[in-house]
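Asks: Predicted coordinates and the sequence they were generated for:
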Amino acid sequence: MSEATAFDTEQDLFFKRLRQETAESHQKLENNRLSKAILTPSVSLPDYQGYLAALFGVTIACEDQIFPAISTIVNDLSDRYKSELIIGDLLATGFSEAAIDALPVYRFEYFSTAEALGIMYVLEGSTLGG
């Protein structure tokens, strides 16, 4: 087996395990009331704002807590910051800056770099529709 083939196999196994280990988190996110509401044809502005407000709290937490823990592993983190985009959408839909500042921010508990990567993977999937 060539070195490239061995790398591809290891990478495939890594992603397979990552998907398995985060499947429950993905499922919980997909079954969340807010996630379901924005996917319905009758989605309302308050539904969208509620989703964005919740996503903001999780996104800020990920950017503040998780990204520093994985900064030496993920080389394109600077391209993955999304909180400013969420703030822009909240402002465009009628939220004031004071209302955004008052939104709750989630706190992650993780015990390893692998768990931090898993948290980022689930958040990335949720924001990419994945």
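Replies: Right, received. Where do you want to start? Numbering: from 1, shown residues only.

Asks: so where is the chain shaky, pLDDT-wise?
Replies: The model of the chain has pLDDT under 70 over residues 1-8, 14-15, 18, 21-23, 25-37, 126-130.

Asks: mind listing the strands in it by residue range?
Replies: Counting by DSSP state E, the chain yields no residue ranges for strands.

Asks: The residue nearest the centre of it and Pro104, how far apart?
Replies: Nearest residue to the geometric centre of the chain (Cα atoms, centre = their mean): Leu123, 1.5 Å. In this structure, Leu123 and Pro104 are separated by 16 Å, where distance is defined by Cβ to Cβ, to the nearest Å. C-beta here means a position set from N, CA and C on the backbone, and glycine is covered the same way.

Asks: Ok, Gly88 next?
Replies: Between Gly88 and Pro104 the distance, using Cβ to Cβ, works out to 20 Å.

Asks: and if you look at Ala53?
Replies: Remark: distance between Ala53 and Pro104 (Cβ to Cβ) = 9 Å.

Asks: Those two: who's more crowded?
Replies: When Ala53 and Pro104 are compared on other Cβ atoms under 10 Å, the one with more neighbours turns out to be Ala53, at 18 against 12.

Asks: got the contact list for the more buried one?
Replies: With contacts defined as Cβ atoms under 8 Å, 6 or more residues apart in numbering, Ala53 is in contact with 90, 95, 103.

Asks: try 6 Å
Replies: Residues counted as contacts of Ala53 (Cβ atoms under 6 Å, 6 or more residues apart in numbering) are Leu103.

Asks: All the helices of the protein, residue numbers only.
Replies: Ranges of helices in the chain, per DSSP state H, are 3-31, 33-37, 45-61, 67-70, 83-92, 97-101, 113-128.

Asks: Please spell out which residues along the fourth one are buried.
Replies: Okay, so that is helix 67-70. The neighbour-count criterion (16 or more other Cβ atoms under 10 Å) identifies 67, 69-70 as the buried residues of helix 67-70.

Asks: what's near enough to touch Leu52?
Replies: Listed by Cβ under 6 Å, 6+ apart, the contact set of Leu52 reads 86, 89-90.
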